[in-house]
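1. Sharing a model prediction with you, sequence too.
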Amino acid sequence: DSNLPDVAIIIDDIGYHPDLEKKYLQLDAVFTFSVLPFSPYKQSIIEAARKKGSEIMLHLPMEPNEYPAISPGPGALLTSMSPDQLINQINDDIDDVPFIKGVNNHMGSKMSASDAQMNQILSVLKKRGLYFIDSKTGPETYGKESARLFQVSFAERDVFIDHKQDREFIQKQIYELIKIANRHGKALAIMHPYPVTYQVISEMLPYMKKHMNLVPASAIVKDLG
């Protein structure tokens, strides 16, 4: 329906929970699947997503403020890396997840606060023809400035749907998403392969589709100019 606001919903952390990830694919909805590099089950989920025509992204692991107590996992970009190490690592991560249209950060509250390193990351995305979505995992992020500098198509997360794995909370976040989408004509949300999220989404999907036009993430990103 052209009168409804466009909403992209990205499912993060793909590649570790194959049964649940495939259940999301069986829903009659447009979701974008953000795949962690070097994840054990990425191949089968990428194939299933492609068969359905779902968009695939790279979920790029970046250093959080809590590192090393909290690790972003294999393929992580760390602030201690030299420019060459950083660029080699991001290229390896991109090469590990085929058929991607774009990238969003996994963690990264520390890395995204470094303008020089965000510029290095975005320069690679520009070369590879990929969009960037800032998950906004910390208060300080240079994602938008770097995307503007390198003219990389960009969007940022409006709503995290399930950072509390709680039914009522997830429902509340979906209402919030609809509110933001109506206010701006579009919105972008991130959720995860959690059983409770899947339950709530599958129940609320008919309601959601009455209030939003679900689109892939590439339909939300724009050139900042």
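-> Here it is on my side, so go on.

2. residues contacting the closest residue to Leu78 other than its chain neighbours?
-> Nearest non-adjacent residue to Leu78, counting by C-beta to C-beta, 6 or more residues apart in numbering: Glu63, 4.8 Å away. For the C-beta atoms, the positions are set from N, CA and C on the backbone; glycine is no exception. Counting by C-beta atoms under 8 Å, 6 or more residues apart in numbering, Glu63 touches 72, 76-79, 107-108, 110-111.

3. same question, Pro61
-> 36-37, 72-77, 93, 106-108 are the contacts of Pro61 under C-beta under 8 Å, 6+ apart.

4. Pull out the buried members of those residues.
-> For the contacts of Pro61, a burial check counting by 16 or more other C-beta atoms under 10 Å picks out 36-37, 72-73, 75-77, 93, 106-108.

5. Just send the residues you listed back as a markdown table, with pLDDT, secondary structure and distance to Leu27 too.
-> Compiled in a markdown table, the buried ones among the contacts of Pro61 are given as follows (pLDDT from 0 to 100; DSSP: H, G, I helix; E, B strand; the rest coil; distance: C-beta to C-beta, whole Å):
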| residue | pLDDT | secondary structure | distance to Leu27 |
| --- | --- | --- | --- |
| Leu36 | 98 | coil | 21 |
| Pro37 | 98 | coil | 25 |
| Pro72 | 97 | coil | 28 |
| Gly73 | 97 | coil | 26 |
| Gly75 | 98 | coil | 28 |
| Ala76 | 98 | coil | 31 |
| Leu77 | 98 | strand | 32 |
| Asp93 | 98 | helix | 28 |
| His106 | 98 | strand | 23 |
| Met107 | 97 | strand | 27 |
| Gly108 | 97 | coil | 28 |
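
6. Pick out the residue nearest the middle of the protein.
-> Asn104 (4.4 Å; C-alpha atoms, centre = their mean).

7. the helices in this structure, which residues?
-> Assigned by DSSP state H, the helices in the chain fall at 18-26, 42-52, 83-96, 115-128, 143-150, 167-184, 195-211.

8. Kindly reformat the ones you listed as JSON lines containing distance to Leu224.
-> Below are the helices of the chain laid out as JSON lines (distance: least, C-beta to C-beta, whole Å):
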{"stretch": "helix 18-26", "distance to Leu224": "30"}
{"stretch": "helix 42-52", "distance to Leu224": "28"}
{"stretch": "helix 83-96", "distance to Leu224": "21"}
{"stretch": "helix 115-128", "distance to Leu224": "11"}
{"stretch": "helix 143-150", "distance to Leu224": "4"}
{"stretch": "helix 167-184", "distance to Leu224": "16"}
{"stretch": "helix 195-211", "distance to Leu224": "28"}
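
9. quick one, which of those helices is nearest to Ile161?
-> Closest approach to Ile161 among the helices of the chain (C-beta to C-beta): helix 167-184, 4.6 Å.

10. in that closest one, what's buried?
-> Applying 16+ other C-beta under 10 Å to helix 167-184 flags 170, 173-174, 177-178, 180-181 as buried.

11. and if you look at stretch 104-122?
-> 104-114, 117-118, 120-122.

12. For Gly138, state which of these is nearest.
-> For those, the nearest to Gly138 is Ser109 (3.0 Å; C-beta to C-beta).

13. Which residues are in contact with the closest one?
-> By C-beta under 8 Å, 6+ apart, the residues touching Ser109 are 64-66, 137-138.

14. Give me the distance between Gln165 and Tyr194.
-> Look at Gln165 and Tyr194: by C-beta to C-beta, to the nearest Å, they are 5 Å apart.

15. Out of the helices of the chain, which gets nearest to Asp158?
-> Evaluated with C-beta to C-beta, the helices of the chain place helix 167-184 nearest to Asp158, the distance being 5.0 Å.
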